[in-house]
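Colleague: What follows is a predicted structure for the sequence shown.
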Amino acid sequence: MATFLLDGRTIQDHYPGIGRYAFNLARALAVTCPEHRVRMLLDPHAYNSRFDLVTLTAQPNVETIPVRARVFSPAEQRMGRNPALLFNARVWHSPYYALPLTLPIPAVVTLADLTPLVLPEEMPNPSKRMLYRVLNLAAARRANAVLTFSNASRFDLERLLGIPPEKIFVIPLAADSIFQPARAADIENVRVALNLPPQYALYVGSNKPHKNLARLIQAWTAVQAEAVLVIAGVWDPRYPQAKQLVAQWGLQERVLFRHNIAENLLPTLISGARLFVFPSVHEGFGLPPLEAMACGTPVVCSHASSLPEVIGDAAMVFDPFNPQDIANTCAQVLDNANARFQMRAKSLYQAKHFSWERTARETMNVYQHVSGVL
């Protein structure tokens, strides 16, 4: 039995996307590869309302170790020289670009995307953007292997950081098993609890610039349908433009904001939507559309970066820079019950191409590749 160390300090509310990846990967590794041990580093002081760590600690081949080192702190670098953490470990895997650079064992780092380098407006401060580049580059150079989630991200890593292609492994994500079609009674209960009308289109994600919410809201002014647009997910107060536009254009009854939806309610909220819309101009993978497809909800999304790799032919696509195209595509689905029925079947089929078992096995293959463990 070999021990592989997975840095799980991002399993907390502050890192909803990377945290979900680290949590689901750890759980899948434990179940899929019972012949090996997963050593998890966790921050006991981090606020975590999303991830049930009990399901990890209950696995007999999972060892959890509390660490006080914050992400990107000097103490993080000292972790790489801590004998107690490294004892018998064959590989250190950082699911984020926060990697101890003086590790004496092989390292794997996951670089999900380089959005601030592709879209500078995502990180408008030049100094912070330079630091972001330096940290990603340092992690990539130290690592023996770099994981990413899509071929689009692989291309960005090669082009923007100069990472050799043979060092990059594309391993797609998957929807959590909780994402499946919900019962009508449960949908009604969640709809009432969140004060939503019977007909709604749904976006789930953050409000960062690359999510393109301003153009989505502009597009919604041209959608002639009874359905309202619901914008749900983690809200970052640094980017208030979406709410400002709704107030400026008097759309308070047509565009509703619902933040910090509990994880266990998300599948039901998604299942109740007439369509799921995802207008991002750049994504390292695009997990929300996959989660929506796993719920059988028709998806319309942009044809940018990695998203076509995720949706296949199951969704309708639009130009994310053209609000009228976004509006036309949404209306085409909202107004056509037959199209929604066909898209539902395609969505459920497409979602089955992705699984956390596959993600875990392909990740374990990389661990074994860099460590020589068979």
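Modeller: Structure's in. What do you need?
Colleague: Strands of the stretch 101-250 of the chain, start to end?
Modeller: Counting by DSSP state E, counting those that start in this stretch, residue ranges of the strands within the stretch 101-250 of the chain are 107-110, 145-148, 168-170, 200-204, 228-233.
Colleague: nearest spatial neighbour of Glu253, skipping sequence neighbours?
Modeller: Nearest residue to Glu253 in three dimensions, chain neighbours excluded: Val228, at 7.3 Å (C-beta to C-beta, 6 or more residues apart in numbering). All C-beta atoms are positioned from the backbone trio N, CA, C, and that covers glycine.
Colleague: Let's see the pLDDT reported for that neighbour.
Modeller: Note on Val228: pLDDT of 97.
Colleague: wait, isn't it in contact with Tyr200?
Modeller: Yes: under the criterion of C-beta atoms under 8 Å, Val228 makes contact with Tyr200 at 5.1 Å.
Colleague: just the helices in the stretch 201-350 of the chain please.
Modeller: For the stretch 201-350 of the chain, helices defined by DSSP state H, counting those that start in this stretch occupy the ranges 213-220, 241-248, 266-271, 287-294, 307-311, 323-334, 337-351.
Colleague: Which of the helices and strands in this protein ranks last by mean pLDDT?
Modeller: Using mean pLDDT, DSSP states H and E, the weakest-scoring helix or strand in the chain turns out to be helix 54-57, at a mean of 87.
Colleague: Helix or strand next in line after that helix, which one?
Modeller: strand 62-66 (DSSP states H and E).
Colleague: Can you give the contact residues for that next one?
Modeller: With contact meaning C-beta atoms under 8 Å, 6 or more residues apart in numbering, strand 62-66 is reached by 3, 8, 26, 30, 37-44, 53, 56-57, 84-85.
Colleague: In helices only, show me those.
Modeller: Among the contacts of strand 62-66, DSSP state H puts 26, 30, 56-57, 84-85 in helices.
Colleague: If we go by neighbour counts, what in stretch 165-175 is buried?
Modeller: By 16 or more other C-beta atoms under 10 Å, the buried positions in stretch 165-175 come out as 168-175.
Colleague: swap that for stretch 214-230, please
Modeller: Judged by neighbour count using 16+ other C-beta under 10 Å, the buried positions of stretch 214-230 are 214-220, 223, 225, 227-230.
Colleague: Quick one: end-to-end distance for that stretch.
Modeller: Length of stretch 214-230, first residue to last, C-alpha to C-alpha, to the nearest Å: 14 Å.
Colleague: Between all of the ones in helices among the contacts of strand 62-66, which two are separated the most?
Modeller: Largest separation among the ones in helices among the contacts of strand 62-66 by C-beta to C-beta: Ala30 and Ala84, giving 21.1 Å.
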